[in-house]
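>>> dropping a prediction and its sequence here:
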Amino acid sequence: MAQPLAERLRPKTLDDYIGQKHLVGPGAILRRMIDGGRISSFILWGPPGVGKTTLAQIIAHKLETPFYTLSAVTSGVKDVRDVIEKARSNRFFNQMSPILFIDEIHRFSKSQQDSLLGAVETGVVTLIGATTENPSFEVIRPLLSRCQLYVLKSLEKDDLLELLQNAIRKDAYLKERNIELKETDAMLRYSGGDARKLLNILELVVEADADTEKIIITDEKVVQRLQQNPLAYDKDGEMHYDIISAFIKSIRGSDPDGALYWLARMVEGGEDPAFIARRLVISASEDIGLANPNALLLANAAFDAVMKIGWPEGRIPLAEATVYLATSPKSNSAYEGINRALEIVRSTGNLPVPLHLRNAPTKLMKQLGYGKDYKYAHAYEGHFVNQQFLPDEVKESRIWYPQNNAQEAKLKERMQGLWGERFKE
């Protein structure tokens, strides 16, 4: 039993793969590609323990093609070039391109990602990348444009329960034990939708009762075992997603002490500074917003400073931004406004742009009425004139609602002065 339980239970076929039905279920896009025997380069984006590496290995096994693996944590540009050269020499006429799987591709530098471009574009390798971070921020645009992006979700409760039952029923060691899953809420809660973490917890609890004739798993027993050995189910000891959630909620709740504490937990745990800085920028827009527009400027400045000065000094601008955001007045009116606008767009579709708002670069367009009757705001007193800017079908819609803070009170007063009844509550 040298291998961890999660590795022993790693599925070999799609039929044994649990979760991600939107990608690999019957008729789903990746399932069709795999069953068709040909895949294009793609990146898998999702939280830890949801099957990214497993899916790549299943694909390679199913297609019976050479499979190379690189970890962005330990590999450099030379390693990338060496693998590409091996792939080039292993590719035969009309044969499927070898697969290059890069785990944690978000940790690759720009030069490392640049070194992949030619091989991916010419089909020397089929790239499968895996990342827990948003590829829009971490993967260079030329490489991202050459790959499809598939989003993996945290495993649902039913998926996790199926995984536990499979472990007890199929694992050679566990099926010899007399195990009863009396309660599972604690295991599911601590796993956070992470299959690897769930199996680590199961293994820990079973090992702790290895000398017992019958192992009855209860919520109380799980909590007790994890308190005795808190790192057993989280190798990084960071509880990555839980801590960033506590950090953002402390800022949103205007508690600088709590926010600094969770920031310190991330700094001490070795969290990626860019990840923290990005979340501060998001929080400045989502939670502080128009109540203090300077928050976004400071968060962006902190991001730039961290990228320039690195670690450990980078913790200081992060702390400055954290305290500033936590102590700022709060508003999510911009966040709610864009969500409200998206709801309207999704429910009404592609409504035509009113003719007076369209550009008219050609004579024909002018003849068709493009731009006719448009009023140039700067030509009017106060640089404002009342005219319609929404499509006819939704012209009465209110989308942005100012909230109760000093900054937005001024904006509300200005909008009421310009638009009158439209901005009356």
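Great, that's in hand.

>>> how about the contacts made by the residue nearest to residue 47 when sequence neighbours are not counted?
The shortest distance from residue 47 to any non-neighbouring residue, by CB to CB, 6 or more residues apart in numbering, is to residue 154 (5.5 Å). All C-beta spots, glycine's among them, are computed from the backbone N, C-alpha and C. Residue 154 is in contact with 46-47, 50, 192-194, counting by CB atoms under 8 Å, 6 or more residues apart in numbering.

>>> determine which two of the residues you listed are furthest apart.
Using CB to CB, the contacts of residue 154 reach their maximum pairwise distance at 46 and 192, which is 12.6 Å.

>>> quick check: which element contains the residue nearest to residue 38 when sequence neighbours are not counted?
Spatially, and ignoring its direct neighbours in sequence, residue 38 is nearest to residue 96 (6.8 Å; CB to CB, 6+ apart). Using DSSP states H and E, residue 96 sits within no helix or strand.

>>> so residue 96 sits against residue 60, correct?
No - contact criterion CB atoms under 8 Å: residue 96 and residue 60 do not qualify, at 9.9 Å.

>>> between the two, tell me which one has more neighbours.
A count of neighbours by other CB atoms under 10 Å puts residue 60 above the other of residue 96 and residue 60, at 21 against 17.

>>> now the element after the helix or strand hosting the more buried one, going C-ward?
Here residue 60, judged by DSSP H and E, is contained in helix 52-63. For helix 52-63, the following helix or strand on the C-terminal side (DSSP H and E) is strand 67-71.

>>> the helix or strand just after that following strand: how far from the chain's middle?
Next along the chain after strand 67-71, taking DSSP H and E as the criterion, comes helix 77-90. In terms of CA atoms, centre = their mean, to the nearest Å, the centre of helix 77-90 is found 30 Å from the chain centre.

>>> counting by contacts, list what helix 77-90 packs against.
Other helices and strands packing on helix 77-90, by 3 or more CB pairs under 8 Å, 6 or more residues apart in numbering; DSSP states H and E, are strand 67-71, strand 99-103, helix 110-122.

>>> neighbouring strands - and their directions - for the second one?
According to DSSP bridges, the neighbouring strands of strand 99-103, each with its direction, are strand 67-71 (parallel), strand 126-131 (parallel).

>>> now mean pLDDT and distance to residue 147 too, for those strands, in TSV please.
Converted to TSV, the strands paired with strand 99-103 look like this (pLDDT from 0 to 100; distance: least, CB to CB, whole Å):
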stretch	mean pLDDT	distance to residue 147
strand 67-71	83	15
strand 126-131	89	6
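
>>> from these, which stretch is densest packed?
Of the strands paired with strand 99-103, the one with the most neighbours on average (mean count of other CB atoms under 10 Å) is strand 126-131, at a mean of 25.

>>> one step back: now do the SS call for the residue nearest to residue 47.
coil (DSSP: H, G, I helix; E, B strand; the rest coil).

>>> next one: it from residue 195, what distance?
10 Å (CB to CB, to the nearest Å).

>>> overlap in contacts of those two?
residue 50.

>>> give the contact list for residue 43.
105, 127-131, 135, 139, 144, 147-150.

>>> the helix or strand containing it pairs with which strands?
Applying DSSP H and E as the criterion places residue 43 in strand 42-45. With DSSP bridges as the test, strand 42-45 is paired with strand 126-131 (parallel), strand 148-151 (parallel).

>>> can you pull out the helices in the stretch 251-400 of the chain?
256-268, 273-283, 294-309, 315-327, 333-348, 363-367 (DSSP state H, counting those that start in this stretch).

>>> I'd like the ones you listed written out as CSV, with distance to residue 31 and mean pLDDT added.
Output for those, formatted as CSV (distance: least, CB to CB, whole Å; pLDDT from 0 to 100):
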stretch, distance to residue 31, mean pLDDT
helix 256-268, 37, 86
helix 273-283, 32, 90
helix 294-309, 39, 91
helix 315-327, 42, 92
helix 333-348, 27, 86
helix 363-367, 46, 69
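
>>> out of those, which comes closest to residue 159?
Of those, the one closest to residue 159 (CB to CB) turns out to be helix 273-283, at 26.2 Å.

>>> other residues contacting the closest one?
133-134, 137, 244, 247-248, 251-252, 263, 266, 296, 299-300, 302-303, 306-307, 310-311, 314-315, 318, 321-322, 325.

>>> show the model's pLDDT score for the residue nearest the centre of the chain.
The structure's the chain has its C-alpha centroid closest to residue 134; by CA atoms, centre = their mean the separation is 4.8 Å. As predicted, residue 134 sits at a pLDDT of 80.

>>> cool, and residue 159?
Per-residue pLDDT puts residue 159 at 89.
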